[in-house]
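S.K.: Sharing a model that was predicted from the sequence below.
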Amino acid sequence: MQTNNRLIDDLTKVASGALSTLAGVKQEIDALVRQRVERLVTSLDLIGREEFEAIKETAANARLGEERLEQRIAELEARVAALEARSKRRKAAPDSES
């Protein structure tokens, strides 16, 4: 019985050592994969999430500004058209009186 217990203890130690080794190997593989991915991202010249969000917000603000300017231009064009129409009517009115 003593031999079986010693055998089981030895197998348990071997299994425990193997699991520890595998955990260490997993950590090393994770670190290597992370380094490779970081190198790839760096070589692709990608931007980070914060930078993307800042650019996205800037673009949205620019779009709003453009819409406001387009509306303002439309209003000014309508004013100019109204003034031109009034001016044409005034010019036409003296001719009809003569």
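M.R.: Arrived safely.

S.K.: Which helix or strand contains residue 54?
M.R.: Here residue 54, judged by DSSP states H and E, is contained in helix 49-97.

S.K.: Revised request: answer the last question for residue 41.
M.R.: Per DSSP H and E: helix 2-44 holds residue 41.

S.K.: Residue 47 too?
M.R.: Counting by DSSP H and E, residue 47 is found in no helix or strand.

S.K.: got a pLDDT number for it?
M.R.: Per-residue pLDDT puts residue 47 at 84.

S.K.: Over to residue 15?
M.R.: At residue 15, pLDDT is 84.

S.K.: And it, how close does it get to residue 35?
M.R.: 31 Å (C-beta to C-beta, to the nearest Å). (Each C-beta comes from the backbone N, C-alpha and C, glycine too.)

S.K.: follow-up on the earlier one: for the helix holding residue 54, packing partners?
M.R.: Using 3 or more C-beta pairs under 8 Å, 6 or more residues apart in numbering; DSSP states H and E as the contact test, no helix or strand touches helix 49-97.

S.K.: pLDDT weak spots in this protein?
M.R.: 1-3, 95-98 (pLDDT under 70).

S.K.: Okay, domains of it per the record?
M.R.: Here the domain parsing of the chain from automatic domain parsing is 1-46, 48-98.

S.K.: Could you dump these into a markdown table with mean neighbour count added?
M.R.: Listed next are the domains of the chain as a markdown table, based on neighbours: other C-beta atoms under 10 Å:
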| stretch | mean neighbour count |
| --- | --- |
| domain 1-46 | 10 |
| domain 48-98 | 9 |
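
S.K.: any idea how far residue 45 is from residue 18?
M.R.: Distance from residue 18 to residue 45, by C-beta to C-beta: 43 Å.
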